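Visitor: can't give you the sequence, but here's the structure:
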């Protein structure tokens, strides 16, 4: 079957760096996406990796290794507003499959 | 610019009642459209997707159905709601195939079935 695995929770300190990992098993895989969702809100797109390597967008970076079926989201200079759930998602054909999400707790 | 609307924002319905949730997209044509359900504290479950008018693909067999009567309108329905239908329903659209990049989500409908 198709699945994406990520840790259920991660805790980090304000101003620090945190990495959220995602391993996947999807057939016909296109690429790996990352979404952020604050409590009560809708998911918002953060990044997409179609090719192996690192993509950087401001404080957020995302990495993909197709050979390892693995990716991660890196958040730098953590701010309290980064407290949210983060979902990796893998796409194939017309649909996209989401991981169960990682709840990021940030301590002051 | 593109926007996606969903209504209602919240809904409380008794078991056995019908359901109709509507989603519309503005500012783009021929979008791919999706319905997801998210249980409390859980990930997103894809329910239906559509690549064109009248074209619906179902991912999970259940008592829900979807229709796409117009290019930018996507409707989620049920004839008789179950308690297990409670959740956060999200509509999304994408221009490319969903696996190839970004999906844009609507604000969602929070459904409680009592």
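Guide: Alright, I've got the coordinates. Keep in mind the model is a prediction, meaning the values are calculated, not measured.

Visitor: Pull out the buried positions in stretch B:63-73.
Guide: B:64, B:66, B:67, B:68, B:72 (16 or more other CB atoms under 10 Å in any protein chain shown). All C-beta spots, glycine's among them, are computed from the backbone N, C-alpha and C.

Visitor: can you check stretch B:33-52 too?
Guide: Neighbour counts over stretch B:33-52 (16+ other CB under 10 Å) mark B:33-38, B:43-51 as buried.

Visitor: Restrict those residues to those that also contact chain A, please.
Guide: Restricting these to those near chain A by CB under 8 Å from any CB of the partner chain leaves B:34, B:36, B:43, B:44, B:46, B:49, B:51.

Visitor: picking up where we left off before, mark which of the buried residues of stretch B:63-73 are part of strands, please.
Guide: Among the buried residues of stretch B:63-73, the subset assigned to strands under DSSP state E consists of B:64, B:66, B:67, B:68.

Visitor: one step back: where's the dip in pLDDT among the ones next to chain A among the buried residues of stretch B:33-52?
Guide: Checked by pLDDT, those have residue B:43 as the lowest-scoring entry (85).

Visitor: burial measure for the nearest residue to it once chain neighbours are set aside, as a count.
Guide: Here the nearest residue to residue B:43 in space, its sequence neighbours aside, is residue A:100; by CB to CB, 6 or more residues apart in numbering or on different chains that works out to 3.9 Å. Using other CB atoms under 10 Å in any protein chain shown, residue A:100 has 17 neighbouring residues.
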